[in-house]
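Peer 1: Model the following, please.
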Amino acid sequence: MARAFHAPGPGRPGWMAQDLTLAQVRTLFLIAHKAPLPMGRIAEILGVSVASASGIVERLERHDLVMREHRTDDRRVVECVPSDAGRSLIDEMSGHRDQMARRALAVLAPDELAEFHRLICLIADRSAGEAE
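Peer 2: Residues are numbered from 1 along each chain as shown. All right, here's what the predicted structure looks like:
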């Protein structure tokens, strides 16, 4: 599966030059999709301590990808939001992933694509059953 969806060609996409860890990328996507998020909620979703989540967010701040902001109704609560650069990076990464998927799936005939879709739906349905 990984080989089929691997980006062909020389060089690395621009977003890879950021040298982000998987935990940082995951946290950036989380913040971008659910912002604003307080640190405690980030830690809870990631299944890590607040100190670990804070360290990850701090490194994302150093890359200018997220910002911490005090809530206006309670200044004790600090929430994390993506910066403009963070949103741009997420958009770039998502577009690259979509492009790789389109390229990989383009090799399938229409009937094969329909069967692939059926199997993906089957996996999703069965996986949802296991999560309950």
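
Peer 1: Any regions of this structure where pLDDT drops low?
Peer 2: 1-18, 130-132 (pLDDT under 70).

Peer 1: Pick out the residue closest to the middle of it.
Peer 2: Geometric centre of the chain, nearest residue: F29, 3.4 Å, by Cα atoms, centre = their mean.

Peer 1: who are the neighbours in contact with it?
Peer 2: I90 (Cβ atoms under 8 Å, 6 or more residues apart in numbering). The way it works is simple: take the backbone N, C-alpha and C, and place the C-beta from them, glycine included.

Peer 1: any idea which helix or strand comes after the helix or strand in which it is found?
Peer 2: Element membership of F29, judged by DSSP states H and E, is helix 22-34. Remark: after helix 22-34, the chain's next helix or strand is strand 37-38, criterion DSSP H and E.

Peer 1: the inter-axis angle of the next helix-or-strand element following that following strand versus helix 22-34?
Peer 2: Using DSSP H and E, the next helix or strand after strand 37-38 towards the C-terminus is helix 39-46. Helix 39-46 runs at 110 degrees relative to helix 22-34, counting by axes from the mean of the first three to the mean of the last three Cα atoms, to 10 degrees.

Peer 1: for the residue of the chain positioned farthest from its centre, phi and psi?
Peer 2: The outermost residue of the chain relative to its centre, with distances by Cα atoms, centre = their mean, is D111 at 31.0 Å. When read as degrees, to the nearest 10, the backbone of D111 gives phi -70, psi -30.

Peer 1: now do D74
Peer 2: phi -150, psi 100.

Peer 1: What of H63?
Peer 2: With angles defined as degrees, to the nearest 10, H63 sits at phi -90, psi 0.

Peer 1: hmm, back to that, next, find the distance separating the residue nearest to the centre of the chain from L20.
Peer 2: According to Cβ to Cβ, to the nearest Å, F29 and L20 sit 11 Å apart.
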